[in-house]
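Trainee: One predicted model, sequence on top.
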Amino acid sequence: MLTPEILLQAYKYMATAKAMCDTYDANRQICKYVHSTSRGHEAIQLATGMQLLPCDWVSPYYRDDSIMLSIGFQPYELMLQLLAKKEDPFSGGRSYYCHPSSRDVNRPFIIHQSSATGMQTIPTTGLAQGIQYLEKIQSEKLPTTNGQLPIVICSLGDGSVTEGEVSEAMQFAVLKQLPIIYLVQDNQWSISASAEEVRAMNAYDFAAGFKGLKRWQCDGSDFIRSYETMAEAIEYTRTERKPAWVHAKVPLLGHHTSGVRKEFYRSREDLLKHGSYDPLPKLRLLLADVGVAEHVISTIEKEAEEKVLADFQRAQASPEPDPKTVEEHVFAPTPVKEEKGQRTPKNAEKILMVDAALHAIEELMEDHPEALLYGQDVGARLGGVFREAATLADKFGDHRVFNTAIQEAYIVGSTAGLSALGMKPMVEVQFADYI
């Protein structure tokens, strides 16, 4: 339920996000990477993040610094990534701004985000796939918060919905009825391409083709409407354990990025139109309507500006990364450092490679209940086109060995999400030419 306290907290976050945007723009020569901010998108982002639990997973996209604030990250932490600093908590200075990752148990978890538009949808849907499986086997690997089961939020811009990977992810989520919410923030622009130029329909209408996907639509610049919409979607997915789609219409108040300036391609009329939907003055008026004194609101704004400036100066003074560490954290460390045993033991029977693979997978699945095998034609009916999965579905069950649609991107990409949950996915795409 919305309370004056929630509205005040949202305004603090919103004022902070605006101060961050203004500070970054005033210091473009200092900021190391091209970056985007959430100006115009703040209301729907805050309405989302403020309702998540520590057991949840969220995949923000590159414009989602308001989501990051609302789930507990400080401006200073975000600025360390902006300035490519050694103490950047997400990548040690290796990734663009607002490309987070986090395993902090006190905040929603975040897998590493890609710069490629829409590519987060498949790994993030893989998270929901893994959560559903861990629920089914009642695994201790599944985190909860006060008895509440986790959900997954996948945030994306409207321009990314035309990506094929997005459709592959949605198809699997609907087919398997996964506990995931796709949040589409629609500002009507894909860099300089307008929605009319590049899309046959908006994201809400597009999602109608996926039967079994519950949809919501709201004014994403209105905090109350956004909060109520996200409350309904989150409650639905958390209790029903089914996928949802939220289409939020928002203005684009900032530049596409620090390098692609809005004045390069947008008309004065378009900028004025978007400016009339600025969520900040809307929420400011609402606070006044519910009795918050003007001096309280002004103090919030002043304190936000002071904190952001202090954090930016502190981030500037933070140490730079050591170039010698550039190759660290590329691959996860492995306990297997050398080959042991004999490749051709004496008196041992020779077997075909495909049989060796079958037995190896079987042993892994026996030892690890979190291991899965899925892909093209590995289900019980055939057991693989080369019989490399023969008998496995019968032995371990259709929930662990199963067919997928012909969608190689999902088959491979979903393993990132599953692996982040501590699972051991194994996948089949039949031929290398298919990738």
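Mentor: Arrived safely, thanks for sending. No experiment lies behind these values; they were computed from the predicted model shown. Numbering: from 1, shown residues only.

Trainee: State the pLDDT value of the closest residue to residue 265 other than its chain neighbours.
Mentor: Of all residues not flanking residue 265 in the chain, residue 192 sits nearest, at 4.1 Å (C-beta to C-beta, 6 or more residues apart in numbering). Where C-beta positions appear, they are placed from N, C-alpha and C, glycine not excepted. With respect to pLDDT, residue 192 scores 92.

Trainee: Can you name the residues that contact residue 192?
Mentor: Listed by C-beta atoms under 8 Å, 6 or more residues apart in numbering, the contact partners of residue 192 are 256, 260, 264-265.

Trainee: Select only the buried ones of the residues you listed in PyMOL?
Mentor: Buried subset of these, written as a PyMOL selection, criterion 16 or more other C-beta atoms under 10 Å:
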select buried, resi 256
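
Trainee: Please produce TSV containing the contacts of residue 192, extended by pLDDT and distance to residue 320.
Mentor: As requested, these are exported to TSV (pLDDT from 0 to 100; distance: C-beta to C-beta, whole Å):
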residue	pLDDT	distance to residue 320
256	89	28
260	90	27
264	91	31
265	93	35
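
Trainee: out of the contacts of residue 192, who's nearest residue 398?
Mentor: Nearest to residue 398 among the contacts of residue 192 is residue 256, at 45.6 Å by C-beta to C-beta.

Trainee: Skipping its backbone neighbours, what lies nearest the closest one in space?
Mentor: residue 191 is the one closest to residue 256 (C-beta to C-beta, 6+ apart), at 5.1 Å.

Trainee: The one you found contacts residue 262, correct?
Mentor: No. The criterion here is C-beta atoms under 8 Å, and residue 191 misses it with residue 262 at 10.5 Å.

Trainee: joint contacts of these two?
Mentor: In contact with both residue 191 and residue 262: residue 256, using C-beta under 8 Å, 6+ apart.

Trainee: Mind checking which of those two has more residues around it?
Mentor: residue 262 (16 against 11; other C-beta atoms under 10 Å).

Trainee: Quick one: residues contacting the more buried one.
Mentor: Contacts of residue 262 (C-beta under 8 Å, 6+ apart): 252, 254-256, 271.

Trainee: at 7 Å instead, please
Mentor: 255-256, 271 (C-beta atoms under 7 Å, 6 or more residues apart in numbering).

Trainee: and residue 433, what pLDDT?
Mentor: 84.

Trainee: what does residue 345 give?
Mentor: With respect to pLDDT, residue 345 has a value of 79.

Trainee: do the same with residue 258
Mentor: The model's pLDDT for residue 258 equals 88.

Trainee: circling back: rebuild the contacts of residue 192 as a markdown table, extending it with secondary structure and distance to residue 400.
Mentor: Below are those laid out as a markdown table (DSSP: H, G, I helix; E, B strand; the rest coil; distance: C-beta to C-beta, whole Å):
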| residue | secondary structure | distance to residue 400 |
| --- | --- | --- |
| 256 | coil | 44 |
| 260 | coil | 46 |
| 264 | helix | 52 |
| 265 | coil | 51 |
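
Trainee: how does this protein divide up, domain by domain?
Mentor: Split into domains by automatic domain parsing, the chain comes to 4-323, 353-434.

Trainee: and those domains, which is most packed in?
Mentor: Per-stretch averages of neighbours, counted by mean count of other C-beta atoms under 10 Å, single out domain 4-323 among the domains of the chain, with a mean of 20.

Trainee: Straight-line length of it, end to end?
Mentor: Start-to-end span of domain 4-323 (C-alpha to C-alpha, to the nearest Å) is 49 Å.

Trainee: who are the neighbours in contact with residue 255?
Mentor: Residue 255 is in contact with 261-262, counting by C-beta under 7 Å, 6+ apart.

Trainee: at 10 Å what do you get?
Mentor: By C-beta atoms under 10 Å, 6 or more residues apart in numbering, the contact set of residue 255 is 21, 25, 28, 35-37, 39, 261-264, 266.

Trainee: same deal with residue 218?
Mentor: Counted by C-beta under 10 Å, 6+ apart, residue 218 has contacts 43-44, 47, 204, 224-230, 232-233, 246-250.

Trainee: pLDDT score for the residue nearest the centre of the chain?
Mentor: Of all residues in the chain, the one closest to the mean position by C-alpha atoms, centre = their mean is residue 59, 1.3 Å from it. On pLDDT, residue 59 comes in at 97.

Trainee: dump the residue contacts of residue 332.
Mentor: residue 419.

Trainee: Secondary structure class of it, three-state.
Mentor: Classification of residue 332 using DSSP: H, G, I helix; E, B strand; the rest coil returns coil.

Trainee: Equivalent analysis for residue 402, please.
Mentor: strand.

Trainee: Now stretch 213-231: average pLDDT?
Mentor: Stretch 213-231 shows a mean pLDDT of 98.

Trainee: starting at the chain centroid, how far to it?
Mentor: 18 Å (C-alpha atoms, centre = their mean, to the nearest Å).

Trainee: Now intersect the contacts of residue 255 with the helices, please.
Mentor: 21, 25 (DSSP state H).

Trainee: Just give me the closest of the contacts of residue 255 to residue 279.
Mentor: Nearest to residue 279 among those: residue 39, at 9.2 Å, using C-beta to C-beta.

Trainee: residues touching the closest one, list them.
Mentor: So residue 39 contacts 14, 17-18, 20-22, 25, 63, 65-66, 250-255, 274, 278-280 (C-beta under 10 Å, 6+ apart).
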